[in-house]
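Q: no FASTA, just this:
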Ligand SMILES: Cc1cc2nc3c(=O)[nH]c(=O)nc-3n(C[C@H](O)[C@H](O)[C@H](O)COP(=O)(O)OP(=O)(O)OC[C@H]3O[C@@H](n4cnc5c(N)ncnc54)[C@H](O)[C@@H]3O)c2cc1C
Ligand code: SF4
Ligand code: SF4
Ligand code: FES
């Protein structure tokens, strides 16, 4: 019988600092077969463990097309993440997964996409963006709305040029600040300033507070509930619907989510 | 079966197994190791706690680690659990379904002999009446039905059970073939009603009222034979790079149950968390397993210092329904 808690060893092959407390880790499974067999959908997550510090869920941040490694972008927050931040290139961590459903991949090739990311919410959207860059033939038009508090907190800056070739990337910062020549205002203001791609499916990830405003805006614009998807964050331990920590409105974010359509979310009290 | 034969059975089992059964400690009936099988007397009463701890230990080592190696401990203890009233068997049958793919649970259960018995209703219990036909949906090895004069009618529910009785020379047993946890007719209508009541009551004052009374001690959860939430954490040892990954019982009444890094909590009030407990037992478990999440043992009622009684909650819910406020 397979032990669902058994992790697979992965080696840190690169660490890049993205912001003061945010690092992009690149991992490769120690066992070659584990690496070649790795397959996931953007928006899915895995559970990472650093021995002595425990386990926690993180979204894949690289795309499934990148076969030789996988990446995850992590903010230092508490016990496990600070343990991870002490590690160096060559050190090893434990991985189990993939878990969850991921973004609705059946519509990727059929509909235009509007990705709406706020702050760290860009993490689980990045695999999708990288898929668009690496396999544009699999997608229709893709537009990205990405907002952060200030320019310093805009993540993955070095990749924007590349992203712009394949997507309509629209950035905004909450506040005016020196050196920032782009748009100013919270993320919802982009809906008024930018011409939207035609009839898109909207994929949203960001802090809970952002969901309320984005949903309000999308409603004003008469988007259908079933065309809007959100990724939720909850406390997680098992990843398979047993431990009960991630429950919301009768569903388990770990296995029924983390991505839900707004149509589903409306039926789930206190989801957002 | 005569009382003498039960002694013989236990003496036989004590050669290969450690036996755990109810024993009077002060004024409580607690599960203890039965060191002298000859002296054990099976009383027709509910143990204060169930045998849950033996199936899902309150603290279980998933792995011992050494540098980057995870070593799963082997679970080889051979145990006999005796003194399990039929509703607790029902709870354990549910745990069987919930932990179907869990190697730890499966390893433990493989080495355990379950000896159940028929219960006499007590003041706080509210399970459906014991009838012989429910046995085919319960997981057990041996089942004892209390008869007058200390005698038992004996059933076996597994090959292990049969083999053991044959070895001891007990021949007057009936074998019950396990027919799966879920009866053909599915969830009982009484459970469906409870499910509906809880589901439609989310925004009623009932939970606000319980919110005021519950003191979040967690006793109900600890004493409930079906509660199975857990946390997983690492406990480093003194030696560098060594330690264990431990799975502990979780308590969904505690504030941090739903807390994520950064401090946000999703089950904010005590009322939210009590509702979540009812939702799990009476809505989600029936949905996921077609089994009731509460077996009616009454323990949560007995241990609650705030006198919260789920029978009363359901009476109140029914009243609300009648007055069309649901
Ligand atoms: C589906 C999903 C995807 C995520 N993706 C990312 C990502 O790509 N990058 C990133 O930086 N963060 C991500 N997070 C958040 C990340 O899991 C937390 O930041 C992390 O658990 C913090 O752990 P800690 O031990 O450092 O924090 P602490 O506050 O010290 O500990 C939190 C404790 O709660 C437990 N826990 C379980 N689930 C969570 C949770 N969701 N949030 C917080 N604590 C949790 C941890 O195991 C730990 O024991 C994601 C969360 C979810 C649910
Ligand atoms: S909820 Fe209460 S009555 Fe029901 S099984 Fe648990 S402890 Fe027993
Ligand atoms: S036993 Fe009673 S007071 Fe304690 S947590 Fe349970 S309901 Fe609340
Ligand atoms: S993480 Fe355990 S139930 Fe979702």
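A: Okay, I see it. Just so you know, these numbers come straight off a predicted model, no measurement behind them. Ligands and ions are numbered 1, 2, ... in the order given.

Q: Now do residue B:67, the pLDDT please.
A: Listed pLDDT for residue B:67 reads 84.

Q: Neighbours of it, how many?
A: Other residues within reach of residue B:67 by the criterion other CB atoms under 10 Å in any protein chain shown amount to 9. Any C-beta I mention is one placed from the backbone N, CA and C, and that applies to glycine too.

Q: isn't it right up against residue B:241?
A: Yes - applying CB atoms under 8 Å as the test, residue B:67 and residue B:241 come out as touching, 4.8 Å apart.

Q: which helices and strands does the strand or helix carrying residue B:143 pack with?
A: Using DSSP states H and E, residue B:143 falls within strand B:142-146. If contacts are counted by 3 or more CB pairs under 8 Å, 6 or more residues apart in numbering or on different chains; DSSP states H and E, strand B:142-146 sits against strand B:112-117, strand B:152-156, helix B:159-168.

Q: Would you mind finding the most buried of these?
A: With neighbours defined by mean count of other CB atoms under 10 Å in any protein chain shown, none of these is more surrounded on average than strand B:112-117, at a mean of 23.

Q: and it, how far from the chain's centre?
A: Counting by CA atoms, centre = their mean, to the nearest Å, strand B:112-117 is centred 13 Å from the centre of its parent chain.

Q: helices or strands up against that strand?
A: strand B:79-85, helix B:86-98, strand B:142-146, helix B:159-168.

Q: Tell me the helices and strands packed up against the longest one.
A: Judged by 3+ CB pairs under 8 Å, 6+ apart, the packing partners of helix B:86-98 are helix B:52-55, helix B:103-110, strand B:112-117, helix B:285-289.

Q: Can you tell me the centre-most residue of chain A?
A: Within chain A, one residue has its C-alpha closest to the average C-alpha position: by CA atoms, centre = their mean, that is residue A:124, at 0.9 Å.

Q: re the thing from before, out of the helices and strands packed on helix B:86-98, flag the one nearest residue A:155.
A: helix B:285-289 (37.9 Å; CB to CB).

Q: Could you point out the helix or strand that follows that closest one?
A: Reading on from helix B:285-289 to the C-terminus, the next helix or strand found by DSSP H and E is helix B:299-303.

Q: for the record, mean pLDDT for that next one?
A: Mean predicted confidence for helix B:299-303 is 96.

Q: got it, and stretch B:8-22?
A: Per-residue scores along stretch B:8-22 average to 96.

Q: got the buried residues for it?
A: By neighbour count on 16 or more other CB atoms under 10 Å in any protein chain shown, the buried set for stretch B:8-22 is B:8, B:9, B:10, B:12, B:13, B:14, B:17, B:19, B:20, B:21, B:22.

Q: out of those residues, who's nearest ligand 1?
A: Comparing the buried residues of stretch B:8-22 against ligand 1 with CB to the nearest ligand atom places residue B:20 closest, at 32.3 Å.

Q: tally of neighbours for residue A:137?
A: The tally of other residues near residue A:137 (other CB under 10 Å) stands at 5.

Q: Are we agreed that it is in a helix?
A: Yes - under DSSP: H, G, I helix; E, B strand; the rest coil, residue A:137 sits within a helix.

Q: quick one, what contacts it?
A: By CB atoms under 8 Å, 6 or more residues apart in numbering or on different chains, the contact list for residue A:137 is empty.

Q: now the strand holding residue B:143 and helix B:86-98, what's the angle there?
A: Using axes from the mean of the first three to the mean of the last three CA atoms, to 10 degrees, the direction of strand B:142-146 lies 160 degrees away from that of helix B:86-98.

Q: Show me what strand B:142-146 pairs with in its sheet, parallel or antiparallel.
A: Strand pairing for strand B:142-146, determined by DSSP bridges: strand B:112-117 (parallel), strand B:152-156 (antiparallel).

Q: Could you look up the SS state of the closest residue to chain B within the stretch 1-150 of chain A?
A: Per CB to the nearest CB, residue A:77 is where the stretch 1-150 of chain A lies closest to chain B, at 3.9 Å. Three-state assignment for residue A:77 (three-state DSSP): coil.

Q: if I look at residue B:110, how far off is residue A:6?
A: Distance, residue B:110 to residue A:6, by CB to CB, to the nearest Å: 19 Å.

Q: ok, now residue A:147?
A: According to CB to CB, residue A:147 stands 40 Å off from residue A:6.

Q: swap in residue A:258?
A: Distance check for residue A:258 against residue A:6: by CB to CB, it reads 23 Å.

Q: Which helix or which strand is home to residue A:46?
A: Residue A:46 belongs to strand A:45-50, assigned by DSSP H and E.

Q: That strand pairs with which strands?
A: strand A:54-59 (antiparallel), strand A:92-99 (antiparallel).

Q: Helices of the stretch 51-200 of chain A, residue ranges please.
A: Assigned by DSSP state H, counting those that start in this stretch, the stretch 51-200 of chain A shows helices spanning A:79-85, A:126-134, A:160-166, A:190-193.

Q: Quick one: name the residues of the stretch 101-250 of chain A near ligand 4.
A: Proximity of the stretch 101-250 of chain A to ligand 4 is confined to A:236, A:237, A:238, A:239, A:241, A:242, A:243, A:244, A:245, A:246 under the rule CB under 6 Å from any ligand atom.

Q: Show me which of those is closest to ligand 3.
A: Once CB to the nearest ligand atom is applied, the member of those that ends up nearest ligand 3 is residue A:244, at 15.6 Å.
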